[in-house]
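# This is a predicted model, with the sequence first.
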Amino acid sequence: MKKMSTYQPKLLLLLVFVLLYSCNESKSQQISEQNYEVIKSDFVTPSEDNTIWCYWYWINDDISKEGITKDLLAMKKAGIGGALIGNINPAHKDGKVPMLSEDWWSHMVHAVEEGKRIGVDIGIFNCPGWSQSGGPWVDDTKAMRYLTFSETKVEGGKALTLSLKKPKEKFQDTHTFAFKSSDVEKRSTQFIPTKITANWNDVDVSVLTDGIKEADTSFEPKKGETLEISFDLAEPITARSITIIPSKAFKCNMSLFAVVNGEEELIKEFQFDRFRITPNVASIETGDFATILPEKKAQQYVLKCSNLRTQRNTGFGFAEITISEAPVLDKYIEKQLGKMHSTPKPDWDTYIFGRQEALKDKSFTVNPEEVIDLSDKLDKNGVLNWDAPEGNWTIMRMGMTPTGTKNAPAAPQGVGYEIDKMNSSLAQYHFDNFVGEFLKRIPEESKSAFKYVVADSYEQGSQNWTDGYEVRFKEKYGYDPIPFLPVLSGRIVGSVELSERFLWDLRRSISDDVAYEYVGGLKKASNKHNLQTWLENYGHWGFPSEFMMYGGQSDLIAGEFWNEGTLGNIECKASSSTAHTYGKPITSAEAFTSSRKMYLRHPEMLKKRGDWALTEGINHFVLHLYIQQPDDTRKPGMNAWFGTEFNRHNTWFSQADTYFDYLRRCQHLLQQGKYVADVCYFIGEDAPIMTGGRVPEIPKGYSYDYINAEVILDRLTVKDGRFVLPDGMSYKVMVLPPFKTMRPELLTKLEQLVAQGGTILGQKPEKSPSLTNYPTSDNIVKDLASKMWNASYVDGKMKATYGKGKIWDGYELSEVFDEINLAKDIEVAEDAPVLWTHRKSSEMDIYFISNQSDDKLNIAPVFRTDKKLKPQLWNAVSGEIRDLPEYEITPTGIKVPLQFEGAQSWFVVFSKEAKTDKTSNFPEYKPLVTLDKDFKVDFQNKEIGPKEPLVFNKLQDWSISDNEQIKFYSGTATYTKTFAIDELPENQEMYIDLGNVSVMAKVKLNGKYVGGVWMAPYRLNISKAIKKGENKLEIEVVNLWRNQLIRDKQLPENEKYTWLVTDDITPESKLQKSGLLGPVVIESVAY
């Protein structure tokens, strides 16, 4: 019999620092700084190297080689230079080319070979489906697993031979150990009320305390009513905890009452949230809920449930409810990551748990010094032979069982367990079985076109153990975790403080290992084959890591944003901050993701949201979504409930290059130099975490990044009073989160940075959150913090000088900025509906400003830039560049009057190249000729439109036409007209304004292509095409598929022209405006 050693104090903190924060610096992307003329040239005409990418989904195994080739040709023509293949099967249908068959592999190889020939780089998702890393080659011993256990209670003082219950069918033993049982625990294991009643008397609640999870009670919600369940006991008990096991997903407000002398007395109110109990957010079965209670003795207890919210059409229910005399560690299931947050976007502080009060009675705790390791006494059949000492003992047979998460949504033959995310050898194993199998089949001469391995947003929940994890844990944290494992049952080991610290270390360790073992392992496997990982560094369901460390281990980082709703509102900043702080110049985004509204979206609708993403730090777009179109007989063709339809069968895709050029120009400028930020918000050391907090909020006119402990420890220095990273990023102020914990290694580094001249805003840390080196670690934190936060507080505020730097606490950032004389980077009215971002190179300051309203806007921002530079307006829609002669030097920068149309955006570029010989920033356009009638209109698709060209006596919306072939027409029509102009104004630019277009148009004048329009103002420069006298105008206008789709809903099946996999269209759906609406005006302007 051997006793397990517990945590061991470590005095060599430097060693711990190295173990905790060894940073595998990933191979940085390199973008060499370009001079003004090169930047200008590549802006006017986007270079071949500057392309957007797309997600390229192959849906339901319905694919063809001919379609693959046509897709790639269409991508190349439109300006798409990268396609990331995801094999998705949302309908769970068997297609023509079954995934993982040799035929399917040959289609994948064909895509690479054709990508090489055509000039489109190829990436593939890391497994079948979009999330995450799994497949049929992963068995339960390689899957994500969590610790589970069975318990056996025995009396000692004798030799025991026991068959210990295996807790799960799929189970791997890890540890068997014993600890003394307390008397109260022995009594409280049986919570058997004499009577259970509910005020909803149509339901049997007698099974709620039978100890059988499979026997449950279900309820149907009653709107506005409160469910009350009463438990009557044979004798009073002192309630110290309640455990609730749901049988169906739901959430509600709960209140527990004790009935004393016939009166209800409130014990505790709490929120019960098990709204989602699928494996990716509830790896421990249904995610049992347990909470500590203030001690209350009673013989009757009443549980009330109000404000019930359930999943659609499922009702709600309980498997078990236990009120116990034994205390528990509050929310111990959540704290071991057995139940994750149940919505897609956890807040920055979701996994920061308040510490419960210390127990007054130590008899409730497990003494870690007395935990006895029995692992070597358990045979392979689960039989334990043990000479048990005197006393009452609890024996735990503990081991791993799969969480149950599988890759999805994938074809049935491609589905399997998700790999263990805490073991890099399994990342290599998974790579070999999927990407490796692909590599074997690609001819050597084509492999250069295969470049990326994709890991989409993480949606697979957590695990909390892996093979041999106790060894790695002990090496990292300096103490043996095994004596603390009883805390996974809710027991308090040693004390509340020790138990909380152990679970903090466990969560932090899981977070780090998911980053280094999984992402780092996948990157290592990919890099061996000259492949790069492309990763979204967050997850909408059960993300178990720290978003910055997780993303930092990948080659390439991406966020995402949706057209509607709030998805993207934390993801883009999470990815751009990680890229900035880890030295990665490109931040991609899965762009324009959407739900439903099939074939209703077009570039003008996407404009504001795309601009918003640019101001969040995105500088590379990956379109969501191009769906592989296997043939041309079904149109619009293959589609899904998700994604904007960026594919060659969409009506407007033939003109998409004009919009994509806008995105490419924006990318180009926002990849120059470095992002300018004044503040770095430290996200804290708690994990998991998917976004940072901003307390206090940054004032308007300044920018920020998040920063993590790893970057602070490994990459951050101070120069000239700014926090500086090796690649040139810098920040003036670091803001600490509103926590009172910090590990001593990190505080030691912050002390060095402040002493060298850094400025910090935040409260003084008081202790370490970790069990490592406890309690010495707390003393180090207290002593060092007292030296740094060395001034007195007045009205809750403190300002201290430490070395060359300063520490502030209790101040707003605006107050700090005022005292250190840091002007706004861009000063504009508080209510101005604009967003912006700023990049700086050695030659230029580049500001991007977006009008996020639909109204015209006049503003005069003050830009914090070198006053020797001069402003220019760079128009990313047209590629035009012109000087801004009206500006004013102010004490804090340069003030420039600007005008915007609704949803319009500009780049304001400051350089030495601008000239100022003009007088107005926005001179008026002068109308010369108006064209609003007698256009000949030729509808190109004769199958659904008029067979012969028509003359429009006036420009009008197709959808209100009396001619049904025009009213419901979807596709392209060409408007032609000749007009005469007597004189061309001298020294002026000539433009054509199309007035209003639904939804896009390309224009030729006198046979010369002059450009395309996709957003208001629908204006093009025609100076090089117009001539004095007669001119021939051709306008190719395209509308949406929507109107024809509505028409087909009104027709019998055999008369329909269109075909879709899924849609949300009805015969009553609203027709969309279509065509050239005008008026068309020829204009001149003096720039």
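Looks like it came in fine.
# Now for residue 570: which residues touch it?
With contact taken as Cβ atoms under 8 Å, 6 or more residues apart in numbering, residue 570 is in contact with 345, 538, 690-691. Glycine gets a C-beta too; all of them are placed from N, C-alpha and C.
# pLDDT check: weakest of the residues you listed?
pLDDT across these is at its lowest for residue 345, which sits at 90.
# What number of residues are in the vicinity of that residue?
For residue 345, the count of nearby residues is 17 (other Cβ atoms under 10 Å).
# Leaving out chain neighbours, which residue sits closest to it?
residue 570 (6.1 Å; Cβ to Cβ, 6 or more residues apart in numbering).
# can you map out the helices along the stretch 301-450 of the chain?
332-335, 424-433, 435-441 (DSSP state H, counting those that start in this stretch).
# The first one packs against which elements?
For helix 332-335, the elements it packs on are strand 289-310, helix 496-513, judged by 3 or more Cβ pairs under 8 Å, 6 or more residues apart in numbering; DSSP states H and E.
# Could you tell me the angle between the last one and strand 289-310?
Regarding helix 496-513 and strand 289-310, their directions subtend 60 degrees when assessed with axes from the mean of the first three to the mean of the last three Cα atoms, to 10 degrees.
# avg pLDDT for helix 496-513?
98.
# and what of stretch 614-634?
Mean predicted lDDT for stretch 614-634 stands at 98.
# Spit out the contact partners of residue 950.
Per Cβ under 8 Å, 6+ apart, neighbours of residue 950: 936-937, 939, 966.
# now do 7 Å
Listed by Cβ atoms under 7 Å, 6 or more residues apart in numbering, the contact set of residue 950 reads residue 937.
# that older thread, among the contacts of residue 570, find me the one that's closest to residue 719.
Nearest to residue 719 among the contacts of residue 570: residue 691, at 28.6 Å, using Cβ to Cβ.
# So the closest one sits against residue 349, correct?
No. Between residue 691 and residue 349 there is no contact under Cβ atoms under 7 Å: 9.9 Å.
# what two of the contacts of residue 570 are the furthest from one another?
345 and 538 (8.9 Å).
# Okay, and the beta partners of the nearest residue to residue 575 once chain neighbours are set aside?
In space, and not counting its chain neighbours, residue 575 is closest to residue 559: 3.5 Å by Cβ to Cβ, 6+ apart. Beta-bridge partners of residue 559, counted by DSSP bridges, are residue 589.
# gap between residue 972 and residue 1034?
Distance of residue 972 to residue 1034, given as Cβ to Cβ, to the nearest Å: 12 Å.
# So if I had to pick from these two, which one is more boxed in?
Using other Cβ under 10 Å as the criterion, residue 972 and residue 1034 rank with residue 972 on top: 21 against 17.
# For the more buried one, which residues count as its bridge partners?
Beta-bridge partners, per DSSP bridges, of residue 972: residue 1038.
# Is it in contact with residue 1040, as I believe?
No. Taking Cβ under 7 Å as the definition, residue 972 is not a contact partner of residue 1040, at 11.6 Å.
# okay, how far is it across stretch 138-148, tip to tip?
End-to-end distance for stretch 138-148: 20 Å, by Cα to Cα, to the nearest Å.
# Just the buried residues of it, please?
Residues 138, 140, 142-148 are the ones in stretch 138-148 that count as buried (16 or more other Cβ atoms under 10 Å).
# average pLDDT for that stretch?
98.
# just stretch 910-918 next, same as before
Mean pLDDT, computed over stretch 910-918, is 80.
# Identify each buried residue in it, please.
The neighbour-count check on stretch 910-918 (16+ other Cβ under 10 Å) flags 910-911, 913-914 as buried.
# and these, which two are the farthest apart?
Spanning the widest gap among the buried residues of stretch 910-918 are 910 and 913, at 9.8 Å by Cβ to Cβ.
# Please tell me how far the residue nearest to residue 575 sits from residue 426.
As judged by Cβ to Cβ, residue 559 and residue 426 stand 27 Å apart.
# So residue 113 sits against residue 446, correct?
Yes. Counting by Cβ under 7 Å, residue 113 touches residue 446, with 4.7 Å between them.
# Pull the contacting residues for residue 682.
Neighbour list for residue 682: 707, 712, 734-737 [criterion: Cβ under 7 Å, 6+ apart].
# Can you give me every residue that contacts residue 832?
Residue 832 touches residue 859, counting by Cβ under 7 Å, 6+ apart.
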